[in-house]
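Q: need the 3D shape of this:
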Amino acid sequence: MPETLAYGAWKSPITSDLIVAETIGLGGVIVDGGDIYWTESRPGEGGRNVLVKRGAGDVTPAPFNVRTRVHEYGGGAVTVHHGTVYFSHFADQRLYRLAPGGTPEPLTPAPGDGTRWRYADGVVDAARPRWIGVREAHAPGGRVDNAVVAVDVAAPGPGRVLVDGSDFFAAPRLSPDGRMLAWVSWNHPNMPWVGTEL
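A: Numbering: from 1, shown residues only. You can find the predicted model right below:
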C-alpha cells in the first residue's frame, strides 16, 4: 500500500552520483604549435583530471591527477611546450615533467615533515631551460608564503624565488623575446577582483 510522506522525505532512486557518474568536465584548453590539449575531469575515475591531446587521447597516465591547490581553488595546473608537459599532481602537489613518449618525472621535492610546496600557473622559459610559475610554501605551523619561482629542469628542486613580497601571485608571463617577466599580485584583505597590481 502506498505511503504518504512529507515533501522531500522520500528516498529517491535518482542520486547525485547517478546523475554525474558519466559526466566529463572540460577545461584548461592549451594550444602548443598545431596541437590542442585540454583537461577532462572524470567522475568515473574518482574525479581525476586528465590531460588529453586532440587526435592522441590521454596524455597523463593513471593515477596522475592534473590539479593544483594553489590559492586553495587551483587553476593553471598544466602547461605544454613543444610537446613536453609540465603539471601539478594533486596527490602530492609536486611539479612533474612528461616528455613525449616518456613517463612523468618529478621536478620538485616530495612532501616531508618540513615545508610543503604547491605549484601552478607556469610557463616555460626555453632560453634558460626552466619552468616559471607560482609557488606556495606551506611551512609547519601554518605560515604560507607565495612567490614566483623558477624551477631548473636540469637541476630539479623547490625553485629559485624570482619575485616575492605579496600575499598572492598569479599569471607570470614572459615577453615574446624572453627578456621580461610580468605577473599579477595582490595582498590581504583584497581579493583579486578588488585590488591587484600588474
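Q: what is the neighbour count of the nearest residue to residue 104 once chain neighbours are set aside?
A: The shortest distance from residue 104 to any non-neighbouring residue, by CB to CB, 6 or more residues apart in numbering, is to residue 96 (4.3 Å). Glycine gets a C-beta too; all of them are placed from N, C-alpha and C. Neighbour count for residue 96, taken as other CB atoms under 10 Å: 21.
Q: contacting residues for the residue most central in space within the chain?
A: Note on the chain: the residue nearest the mean C-alpha position is residue 77, at 1.7 Å, using CA atoms, centre = their mean. By CB atoms under 8 Å, 6 or more residues apart in numbering, residue 77 lies in contact with 28, 39, 49, 66-68, 87-88, 120.
Q: and what of residue 107?
A: Counting by CB under 8 Å, 6+ apart, residue 107 has contacts 86, 94-97, 131, 151, 153, 156.
Q: residue 183: which of these is nearest?
A: residue 131 (14.4 Å; CB to CB).
Q: where do the strands of the chain begin and end?
A: In the chain, the strands defined using DSSP state E lie at 25-32, 35-42, 48-53, 57-58, 78-81, 84-88, 95-98, 105-106, 116-125, 130-138, 144-152, 160-163, 168-174, 181-186.
Q: any chance of those strands in TSV, plus mean pLDDT?
A: Output for these, formatted as TSV (pLDDT from 0 to 100):
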stretch	mean pLDDT
strand 25-32	90
strand 35-42	96
strand 48-53	96
strand 57-58	96
strand 78-81	97
strand 84-88	98
strand 95-98	98
strand 105-106	97
strand 116-125	96
strand 130-138	96
strand 144-152	96
strand 160-163	97
strand 168-174	95
strand 181-186	96
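Q: in CSV, list these along with distance to residue 9.
A: As requested, those are exported to CSV (distance: least, CB to CB, whole Å):
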stretch, distance to residue 9
strand 25-32, 32
strand 35-42, 33
strand 48-53, 35
strand 57-58, 43
strand 78-81, 45
strand 84-88, 43
strand 95-98, 48
strand 105-106, 51
strand 116-125, 43
strand 130-138, 44
strand 144-152, 44
strand 160-163, 56
strand 168-174, 45
strand 181-186, 46
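Q: out of these, which gets nearest to residue 10?
A: Using CB to CB, the nearest of those to residue 10 is strand 25-32, at 29.9 Å.
Q: now the terminal residues of stretch 180-193, how far apart.
A: 25 Å (CA to CA, to the nearest Å).
Q: what comes up buried for that stretch?
A: 181, 183-186 (16 or more other CB atoms under 10 Å).
Q: greatest separation within those: which pair is it?
A: Farthest pair in the buried residues of stretch 180-193, by CB to CB: 181 and 186, 17.2 Å.
Q: ends of stretch 58-65, how far apart?
A: The separation between the terminal residues of stretch 58-65, taken as CA to CA, is 12 Å.
Q: could you check that stretch and say which residues are buried?
A: In stretch 58-65, counting by 16+ other CB under 10 Å, buried: 59-60, 64-65.
Q: hmm, who's touching that stretch?
A: With CB under 8 Å, 6+ apart, stretch 58-65 has contacts from 37, 45, 47-53, 66, 85, 87, 89-91, 96, 98, 103-104.
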